[in-house]
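Trainee: what's the 3D shape of this:
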Amino acid sequence: MSCDLPKLSKVYQNHHINSTRWEKFSPRKDDIFIVGSFRAGTTWIQNVVRHLVLRDSNEMLPLGLYSPTLELRLQSIEHVIDALEGQKHRRCVKTHLPVNGIPYFGEAKYIVVGRDPRESFMSLWDYYRDLTDDFLILINEKLDGPVENPLLPCPLEIGSFWYQWITKGAFEWEREGYPFGSTIDHIQGWWNFRNLPNLLFVHYRDMLDSPDGEISRIAEFLEERVTNSQVESIVEQTSFASMKEEAESLQIPLSGALKAGATGFINKGVPERWNRALAPEDLSLYKDTVSRIMSPACLEWIENGSNKS
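Mentor: Now for the predicted structure:
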């Protein structure tokens, strides 16, 4: 366990992200950051925080406007920063960046979202194979010019994609996560700072099993006072059914990338699909990778959640 504070030491740039966009961001003391690897459940927690912060507001901002992803290359950073600067209420920013790719602000609150890497992979598989050809052209060729390592179309077989994802890094210093970015290294990096008082770890499985308890825990951490009836309302408003129903109005930037449209970005959240989709040799590769990268405590948490024995 590191006793130091997180330090920005890497630059992450690929087809989806550019971490240098954070250089234009000016923090406020009460800012909230939702942190997680790709497809770990960050959008779900974003929506929870949106309802906690804006529940008494006259206008509930669309999720994509209230809580942008700064490093995402789909919108000009000037536009994103101007929108954030114009917000008078408590702000929330989402990021998929590892702990060494983002500036650390000691007075802000960080909610680190974790999910079993195998479940994140299955959700990523759904996302990747649903990307449109036009979106691939946009991110590979049109946004700020061609990228150095373009995102290729999704492999036709899940086993082929799994092998790439579990054995190859998206960046030269990573050991898995190709071609989007690390999942296993990502959570271990943040886990090393879990004792910092401004970090809260929230597990996807715990949100499935006890959404009211987890939302109450998030509210307490953010010092947002809520009643039991308000928590019950937020549980309903942030359920998968509710989020799918209002998917278009959420204005999630990446929803326009998918053949299935905005509703395709909100997945089912069904646990352990990987048991049926991946072969024994695939799962053996997973065990080898996590044993090299993760501490036993981090591995226990990421696979089982906080409320599991």
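
Trainee: you'd agree residue 128 is up against residue 162?
Mentor: No - taking contact to mean Cβ atoms under 8 Å, the distance of 11.4 Å between residue 128 and residue 162 leaves them out of contact. To be clear about C-beta, it is placed using only N, CA and C from the backbone, and glycine gets the same treatment.

Trainee: neighbour count: those two, which is higher?
Mentor: The neighbour comparison of residue 128 against residue 162 (other Cβ atoms under 10 Å) goes to residue 162, with 24 against 19.

Trainee: OK, contacts around that one?
Mentor: By Cβ atoms under 8 Å, 6 or more residues apart in numbering, the contact set of residue 162 is 121, 278, 282, 285.

Trainee: what is the burial count for residue 272?
Mentor: The burial count assigned to residue 272 is 12, neighbours taken as other Cβ under 10 Å.

Trainee: if I look at it, how far off is residue 208?
Mentor: When Cβ to Cβ, to the nearest Å is applied, the distance between residue 272 and residue 208 equals 11 Å.

Trainee: do residue 294 as well
Mentor: 22 Å.

Trainee: ok, residue 158 next?
Mentor: In this structure, residue 158 and residue 208 are 23 Å apart, going by Cβ to Cβ.

Trainee: which of the two has more neighbours?
Mentor: For residue 158 and residue 208, the more surrounded residue by other Cβ under 10 Å is residue 158, and the numbers stand at 19 against 16.

Trainee: who touches the more buried one in this structure?
Mentor: Taking Cβ under 8 Å, 6+ apart as the contact definition, residue 158 lies against 125, 277-278.

Trainee: which residues of the stretch 151-300 of the chain fall in helices?
Mentor: Along the stretch 151-300 of the chain, the stretches classed as helices by DSSP state H, counting those that start in this stretch are 158-167, 184-191, 204-209, 211-222, 228-237, 240-245, 247-250, 274-277, 280-293, 296-304.

Trainee: for residue 117, find the nearest of the ones you listed.
Mentor: Across the helices of the stretch 151-300 of the chain, the minimum distance to residue 117, taken as Cβ to Cβ, is reached by helix 184-191, at 5.4 Å.

Trainee: how big is the angle separating that closest one from helix 158-167?
Mentor: Taking axes from the mean of the first three to the mean of the last three Cα atoms, to 10 degrees, helix 184-191 and helix 158-167 form an angle of 40 degrees between their directions.

Trainee: what angle separates helix 184-191 from helix 296-304?
Mentor: Following the same axes, to 10 degrees, one obtains 120 degrees for the angle between helix 184-191 and helix 296-304.

Trainee: still on that earlier bit, can I get the contacts of residue 158 in TSV including neighbour count, distance to residue 37 and pLDDT?
Mentor: Compiled in TSV, the contacts of residue 158 are given as follows (neighbours: other Cβ atoms under 10 Å; distance: Cβ to Cβ, whole Å; pLDDT from 0 to 100):
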residue	neighbour count	distance to residue 37	pLDDT
125	20	14	94
277	15	19	88
278	20	18	92
